[in-house]
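Asker: What follows is a predicted protein model with its sequence.
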Amino acid sequence: MKEANRRVLAFVGMPGSGKGTCTDYLRDTYSWPVVHFGNMVYEEVERRGLDIVNDEKFVREDMRNKEGKEVLAKHAARRARQHHAEGAAVVVLDGLYSWSEYRHLAQEFGDSLTVVAVVAPRKLRHQRALERKDAKRTYTLDQLVTRDQAEIENLEKGGPIAYADYFLLNDSTVKHLIDQLNKVLEVEGLLS
């Protein structure tokens, strides 16, 4: 890939859709750096000495209220540019949340930005999230439903999903999901 052709792949989707599976694959297979939107929130939750499960929504919304709805995109764009400056041809963004963030990234990166929505049926997403082995993100079903609703109602999450360049339906095996992802990479010319 030519040095002038720096790319950003942003993954969007509801909790448990499979965004992390895709971004982990890209990191592990292609050594592309990954910037996690959620981790930026978790870092702030921990900095404030709060609980990730119970206080994540409050902190995320507080960050948006204080620094603008596109706050996480601003931080992610800065980190992506740093990775590009260090030689990364492709930077992966995990967890684009809102329409405001999408608009900021589209303005920042233009045609170099590709948005991939990972979608899965709600009950399957909830089942996956309940079975996660991540001690920091252990949710009850009620907490997952509340989180889904807050992300849709308060974070404008539907916009970037609806406006994505590609959709990966994750209702089968991991192999099927990765096969779909590799087709996107081929179409985008990222495997050359």
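Answerer: Nice, I can see it. Numbering: from 1, shown residues only.
Asker: For the protein, which residue occupies the most central location?
Answerer: Among the residues of the chain, the one closest to the centroid is Gly95, at 1.5 Å (C-alpha atoms, centre = their mean).
Asker: Tell me which residues touch the residue lying closest to that one once chain neighbours are set aside, please.
Answerer: For Gly95, the nearest residue in space outside its immediate sequence neighbours is Phe37; the separation is 3.7 Å by C-beta to C-beta, 6 or more residues apart in numbering. In this view, the C-beta of every residue, glycine as well, is placed from N, C-alpha and C. By C-beta atoms under 8 Å, 6 or more residues apart in numbering, the contact list for Phe37 reads Leu72, Ala76, Leu93, Asp94, Gly95, Leu96, Tyr97, Glu101.
Asker: Buried ones from the residues you listed, can you make that a ChimeraX selection?
Answerer: Here is the ChimeraX command that picks out the buried ones among the contacts of Phe37, judged by 16 or more other C-beta atoms under 10 Å:
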select :72,76,93,94,95,96,97,101
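Asker: Going by distance to Asp62, which of the contacts of Phe37 wins?
Answerer: Of all the contacts of Phe37, Leu72 has the smallest distance to Asp62: 12.3 Å, by C-beta to C-beta.
Asker: unless I'm mixing things up, that closest one is touching Glu101, no?
Answerer: Yes. Counting by C-beta atoms under 8 Å, Leu72 does reach Glu101; the two are 5.9 Å apart.
Asker: Just after the helix or strand hosting Phe109, pick out the following helix or strand.
Answerer: Assigned by DSSP states H and E, Phe109 falls within helix 99-109. Taking DSSP H and E as the definition, the helix or strand that follows helix 99-109 towards the C-terminus is strand 113-119.
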